[in-house]
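The amino acid sequence is not available; the structure is as follows:
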């Protein structure tokens, strides 16, 4: 294969003229003959026994051209793209056959290329960094979450129901004396004051005791989802079976020993403070990076092919479908539940896809402008990181991801580090 010419025919579209030598084309034709001959009938010969020359004479000299070209095309295109030093992106490819015969094969392809964008003033970007100081209240909030998870339910028998209690009830609702669909429940656990039921329902349980049977009268909201009940008055027949409260364990050293590897409440709190601080720092770093990326996206100048955005949306859709599949769902079921169609899903993914495409282009351009080139140690470190993240052997990762592809990702990471290190960061307490 040889690249005869490479010309930009329009913005982000490049035409490559590719030549394949006669002997290579002849071999491909012969391979196509051996592959197809068993299916070809020629008068005077048994099926699959006709020589190539007779088949070409009977069906035409070009009978095997299409198969031969299809066999040679992918490798020839890949090699030509490398030789032309262009970044081809997945999109419509225009193919034009120039000539084909004993002297070889010549064809032209027009491909979409990655755009040449420009970006300036990416150093010294002014951003605010939110800094959160972990307080005693933050620590106690986490401790209380653990305390709540280790609580137990205790039945109350010596008093009436109060807000915050968990009540076990039977109920059946009636409108104009007639029971309505969906208005009945048995042994239903309802936390009073939670707002789980229609406004006014839970308040009328307060003050009753276990064993009481009583009516609860409420009016459905005007915007209630069941149109036939909206705005109507309903009477619920209620029986209160049980009143329960949440009993929390004592916050002491014994509690800490039961729920952690620590021996004292103070040491447990200190560990929680450390973890909350680390989490806050990670969040602050991520937020800062997102702010910097937003600024970079605004600085990108250039015409980006629509195909790049569409390809990113396609990739995101495939990832989303895979995640749904891991949860036992498929895309069709998800869209049915959400009322979305393919077009609506693509539209919802468009803003994020645009941001990601522009971010990648910006960082690749910065890496080029700053002559960022990863060394072998950088690549090996990244291979080890990927191996750890995916719980795979590093050698397996190396089989899946070439050094050339990995180097691009490392350059992008180094570029965002450069932008962050050069930024004018003002810290702001949360």
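Everything's here; your move. Every value quoted in this text rests on a predicted model; they were computed, and no experiment measured them.

The chain: helices as residue ranges?
Under the criterion DSSP state H, the chain contains helices at 22-36, 52-59, 65-84, 136-149, 253-259, 265-299, 306-326, 331-338, 342-369, 376-390, 394-400, 403-422.

The third one packs against which elements?
In this case it means helix 65-84. Contacts defined by 3 or more Cβ pairs under 8 Å, 6 or more residues apart in numbering; DSSP states H and E place helix 65-84 against strand 2-10, strand 13-21, helix 22-36, strand 94-101, strand 104-112. Every residue, glycine included, has its C-beta placed from N, CA and C.

sorry, back to before: could you dump the helices of the chain into CSV and include mean pLDDT, mean neighbour count and distance to residue 170?
Converted to CSV, those look like this (pLDDT from 0 to 100; neighbours: other Cβ atoms under 10 Å; distance: least, Cβ to Cβ, whole Å):
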stretch, mean pLDDT, mean neighbour count, distance to residue 170
helix 22-36, 92, 16, 75
helix 52-59, 85, 15, 83
helix 65-84, 94, 16, 70
helix 136-149, 95, 13, 28
helix 253-259, 94, 15, 36
helix 265-299, 96, 15, 42
helix 306-326, 94, 14, 38
helix 331-338, 84, 12, 31
helix 342-369, 95, 17, 42
helix 376-390, 91, 14, 52
helix 394-400, 90, 13, 59
helix 403-422, 94, 16, 60
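
Of all the ones you listed, which one is nearest residue 172?
Closest to residue 172 of these is helix 331-338 (Cβ to Cβ; 29.5 Å).

okay, now the domains of this structure?
2-112, 152-247, 265-429 (automatic domain parsing).

of those, which approaches residue 141 most closely?
Per Cβ to Cβ, nearest to residue 141 of the domains of the chain: domain 265-429, 9.4 Å.

Pull up the distance across the closest one, start to finish.
Domain 265-429 has an end-to-end distance of 28 Å (Cα to Cα, to the nearest Å).

Also stretch 152-172?
Stretch 152-172 end-to-end distance (Cα to Cα) = 29 Å.

Enumerate every residue touching the nearest residue to residue 292 once chain neighbours are set aside.
Counting by Cβ to Cβ, 6 or more residues apart in numbering, residue 292 lies nearest to residue 419, which is 5.5 Å off, once chain neighbours are set aside. The contact partners of residue 419, taken as Cβ atoms under 8 Å, 6 or more residues apart in numbering, are 122-123, 125, 292, 296, 363, 366.

If we use 7 Å, what do you get?
Each residue near residue 419 by Cβ atoms under 7 Å, 6 or more residues apart in numbering is listed here: 122, 125, 292, 296, 366.

coming back round to it: dump the helices and strands packed on helix 65-84 into JSON lines; add distance to residue 226 as well.
JSON lines is the format used below for the helices and strands packed on helix 65-84 (distance: least, Cβ to Cβ, whole Å):
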{"stretch": "strand 2-10", "distance to residue 226": "58"}
{"stretch": "strand 13-21", "distance to residue 226": "57"}
{"stretch": "helix 22-36", "distance to residue 226": "65"}
{"stretch": "strand 94-101", "distance to residue 226": "57"}
{"stretch": "strand 104-112", "distance to residue 226": "52"}
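
Ok, which of the domains of the chain comes nearest residue 258?
domain 265-429 (10.9 Å).

hang on, the earlier thing: list just the nearest of the contacts of residue 419 to residue 13.
residue 366 (25.3 Å).

Surely that closest one touches residue 122?
Yes - Residue 366 lies in contact with residue 122 (Cβ atoms under 7 Å); the separation is 5.7 Å.

circling back: can you redo the helices of the chain as JSON lines with distance to residue 174?
Shown next, in JSON lines, are the helices of the chain (distance: least, Cβ to Cβ, whole Å):
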{"stretch": "helix 22-36", "distance to residue 174": "77"}
{"stretch": "helix 52-59", "distance to residue 174": "83"}
{"stretch": "helix 65-84", "distance to residue 174": "72"}
{"stretch": "helix 136-149", "distance to residue 174": "37"}
{"stretch": "helix 253-259", "distance to residue 174": "47"}
{"stretch": "helix 265-299", "distance to residue 174": "51"}
{"stretch": "helix 306-326", "distance to residue 174": "41"}
{"stretch": "helix 331-338", "distance to residue 174": "32"}
{"stretch": "helix 342-369", "distance to residue 174": "41"}
{"stretch": "helix 376-390", "distance to residue 174": "59"}
{"stretch": "helix 394-400", "distance to residue 174": "65"}
{"stretch": "helix 403-422", "distance to residue 174": "64"}
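
Now tabulate the domains of the chain in JSON lines and tack on distance to residue 129.
Converted to JSON lines, these look like this (distance: least, Cβ to Cβ, whole Å):
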{"stretch": "domain 2-112", "distance to residue 129": "34"}
{"stretch": "domain 152-247", "distance to residue 129": "38"}
{"stretch": "domain 265-429", "distance to residue 129": "5"}
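
of all those domains, which lies closest to residue 130?
Among the domains of the chain, domain 265-429 sits nearest to residue 130 (Cβ to Cβ), with 5.6 Å.

on that earlier part again, let me know which of the helices of the chain is the nearest to residue 7.
Closest among those, using Cβ to Cβ: helix 65-84, at 9.7 Å.

tilt between the closest one and strand 94-101?
Between helix 65-84 and strand 94-101, the angle comes out at 110 degrees (axes from the mean of the first three to the mean of the last three Cα atoms, to 10 degrees).

For helix 65-84, what is the distance to the chain centroid?
34 Å (Cα atoms, centre = their mean, to the nearest Å).

Distance-wise, check the residue sitting furthest away from the middle of the chain relative to residue 10.
Taking Cα atoms, centre = their mean as the measure, the residue most remote from the mean C-alpha position of the chain is residue 44, 61.3 Å away. With distances taken as Cβ to Cβ, to the nearest Å, residue 44 is found 53 Å from residue 10.

what's near enough to touch residue 398?
residue 383.

Quick check: it vs residue 316, distance?
Relative to residue 316, residue 398 is positioned 27 Å away (Cβ to Cβ).

Identify the bridge partners of the residue lying closest to residue 197 once chain neighbours are set aside.
Closest residue to residue 197 apart from its sequence neighbours, by Cβ to Cβ, 6+ apart: residue 190 at 6.6 Å. According to DSSP bridges, the residues that bridge with residue 190 are residue 167.

if I pick residue 190, what's in contact with it?
Going by Cβ under 7 Å, 6+ apart, the list of residues near residue 190 reads 167, 169, 196-197, 202.
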